[in-house]
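1. Below are the sequence and a predicted model for it; my questions follow.
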2 protein chains.
Amino acid sequence: MSGYPVRVNGETSSSISVTDRGLAYGDGLFETVRVVSGQPTLFDLHMDRLSACACFMGIELSVPQLKAEIADFLVAVNQERGILKVILTRGSGGRGYNPAGCSDSSRILSFHDLPAYKGTPEESGIHLFSCETQLGQSVLAGMKHLNRLENVMARREWGVDSNCLEGLLLDFDGRVIEGTMSNLFFVRDGILKTPNLSRCGVKGVCREYILHSANSWGLKTEVFDYAFSELVGADEVFVCNSVNGVWPVIACGDERWPVGAVTCTVRDKLMEVIDG
Amino acid sequence: MSGYPVRVNGETSSSISVTDRGLAYGDGLFETVRVVSGQPTLFDLHMDRLSACACFMGIELSVPQLKAEIADFLVAVNQERGILKVILTRGSGGRGYNPAGCSDSSRILSFHDLPAYKGTPEESGIHLFSCETQLGQSVLAGMKHLNRLENVMARREWGVDSNCLEGLLLDFDGRVIEGTMSNLFFVRDGILKTPNLSRCGVKGVCREYILHSANSWGLKTEVFDYAFSELVGADEVFVCNSVNGVWPVIACGDERWPVGAVTCTVRDKLMEVIDG
């Protein structure tokens, strides 16, 4: 436990019912939000994604209610910086897989310290572990749902002892998809490129922000299917998420990349938003 | 809630920690076991699957301890018939997706009444809903893990008002895979056939029992990749799981099949084991 209070449906609690479908089937969604100056960052994008995914999955969600609970929770937590984790599950009920009749969704709010990493990975860059775990196509591609076993199995591959701070995931056809907890971008011919996530992967809020903002930063973007060979020939590579921002990637297996100028631009622009 | 007591790690409890990875990531497994005469049926197959999957996923499990807890729980529940649900999660701990250091797995035992269905589907047969939800390849194919959102999304397609008691799932390449809560078999040219589940789907305990026993019942079996057209041309079709046994399938969309002799043989043989 993080030592901070936890709220379940607006009440202080550290437990949920064993009948909650979030536990039974991973029937829910989550967001991990970077908090700076006591305020959630990229918050509209987080709420928009949560709302869109809940709608697709048919999970009840009142965004105004959730926003009010989050505001109240962050006041109670009273921390300048950290991570707000929001879990939304379909709640208890239904019959087996059938969710019919489930209308009391569960909202779980918790707070965590920002992770501490050795050195300054956002400046010096990181090594990517090349994961054997491959991703398959899913009707729930793009969503940040609670079915995250593939991420766990991939992260488990390199344990704690390695230099790698992140792992690279490909799909079963060898396309580059993402990191275990981040999205991936690379720069080639001056264009900022990131994998198409319509078959698998999570459409991260940070990725969305970069794709929406790149034009205003003077960058052209491309979303497409890329083989690993495209990454090998890239001028720069980075991963990003809404908690850690941008980490330049300097190595994956035998491949090497520099910490490049485009990466630094994106990193610095993003830090203005998520680091106050 | 079912009204029966629930045990978490051997203690009576109806809740688990919000930090449990079973909730956070669906990082766990489950078994639904038919109980008859107060005893679990097909129990060795259930425990073997749970044990094998836990080993693959790196989740701690003492099978003797779990068996002792189950025996004790069933004595406390004191019911002739019903369903024992066993959930095993990786417990709390680790850092993000990284499960390193998680050694206190959670065991959750609950008991439920056998589901009641209109009529006698095991005799008259059922209609299959043809689901649009498709299954993709997964490194966790075959396992009964807690990442079951695809089953929920598929089951959600036909709600509660339809005649259909089960839905048919294909993969993204159009291969027949399984039902939302059951495995599928069909009979063609006198051979009992069931889909290959090495890419996706759940290897049900009932399916395993049938595949292991078929020879002793005078039946030849085949496990292979089948297109829906193979099902159309089948002489008999049925679905099975370890709670409901065998349900003949008599219709799916415009297709019709009879309640056939092989299906009845398998159903009756299975009922000897799971219905005392």
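-> Great, that's in hand.
2. C-alpha only now, for contacts and for neighbours.
-> Will do.
3. In three-state terms, label A:Val246 for me.
-> With DSSP: H, G, I helix; E, B strand; the rest coil as the basis, A:Val246 sits in strand.
4. What's opposite the closest residue to it other than its chain neighbours in the beta bridge?
-> Spatial nearest neighbour of A:Val246, excluding adjacent residues (CA to CA, 6 or more residues apart in numbering or on different chains): A:Cys240 at 4.4 Å. Per DSSP bridges, the residues bridged to A:Cys240 are A:Asn183, A:Val246.
5. Check whether A:Cys240 really touches A:Glu178, as I assumed.
-> No. In this structure, A:Cys240 is not within contact of A:Glu178 by CA atoms under 8 Å, at 9.6 Å.
6. Determine the residues that are contacts of both of these two.
-> A:Leu184 (CA atoms under 8 Å, 6 or more residues apart in numbering or on different chains).
7. before we move on, what SS does A:Lys67 have?
-> helix.
8. now chain A, which segments are flagged as low pLDDT?
-> Counting by pLDDT under 70, chain A shows low-confidence ranges at A:1-2, A:161.
9. So which residues of it form helices?
-> For chain A, the helices defined by DSSP state H cover A:21-25, A:43-57, A:63-77, A:121-124, A:149-155, A:205-213, A:228-232, A:261-274.
10. Output those helices in a markdown table; the columns should cover distance to B:Leu165.
-> Formatted as a markdown table, those follow (distance: least, CA to CA, whole Å):
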| stretch | distance to B:Leu165 |
| --- | --- |
| helix A:21-25 | 20 |
| helix A:43-57 | 21 |
| helix A:63-77 | 35 |
| helix A:121-124 | 53 |
| helix A:149-155 | 29 |
| helix A:205-213 | 39 |
| helix A:228-232 | 44 |
| helix A:261-274 | 49 |
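11. Please identify the deepest-packed of those helices.
-> A comparison of the helices of chain A by mean neighbour count, using mean count of other CA atoms under 10 Å in any protein chain shown, puts helix A:21-25 on top with a mean of 29.
12. which outside residues touch that helix?
-> For helix A:21-25, contacts defined as CA under 8 Å, 6+ apart pick out A:18, A:27-28, A:89-93, A:97, A:146-147, B:22-24, B:26, B:87, B:146-149, B:152.
13. cool, and stretch A:148-160?
-> So stretch A:148-160 is in contact with A:129, A:131-133, A:135, A:164, A:166-167, A:169, A:180-181, B:25-27, B:57, B:97-100, B:139-140, B:147, going by CA under 8 Å, 6+ apart.
14. How about stretch A:102-117?
-> A:2, A:4-10, A:59-61, A:66, A:70, A:73, A:77, A:81-94, A:243, B:18.
15. Out of those, which end up buried?
-> The neighbour-count test (16 or more other CA atoms under 10 Å in any protein chain shown) marks A:5-10, A:59-61, A:66, A:70, A:73, A:81-93, A:243, B:18 as buried among the contacts of stretch A:102-117.
16. returning to that earlier point: please pick the buried ones from the contacts of stretch A:148-160.
-> Neighbour-count burial (16+ other CA under 10 Å) is assigned, among those, to A:129, A:131, A:133, A:135, A:164, A:166-167, A:169, A:180-181, B:25-27, B:57, B:97-100, B:139-140, B:147.
17. and the residues you listed, which of them are in strands?
-> The members of those that map onto strands under DSSP state E are A:129, A:131, A:133, A:135, A:166-167, A:169.
18. Look up how far B:Gly58 lies from whichever residue of the stretch 151-276 of chain A sits closest to chain B.
-> Using CA to the nearest CA, the closest approach of the stretch 151-276 of chain A to chain B is made by A:Val152 at 4.8 Å. Distance of A:Val152 to B:Gly58, computed by CA to CA, to the nearest Å: 11 Å.
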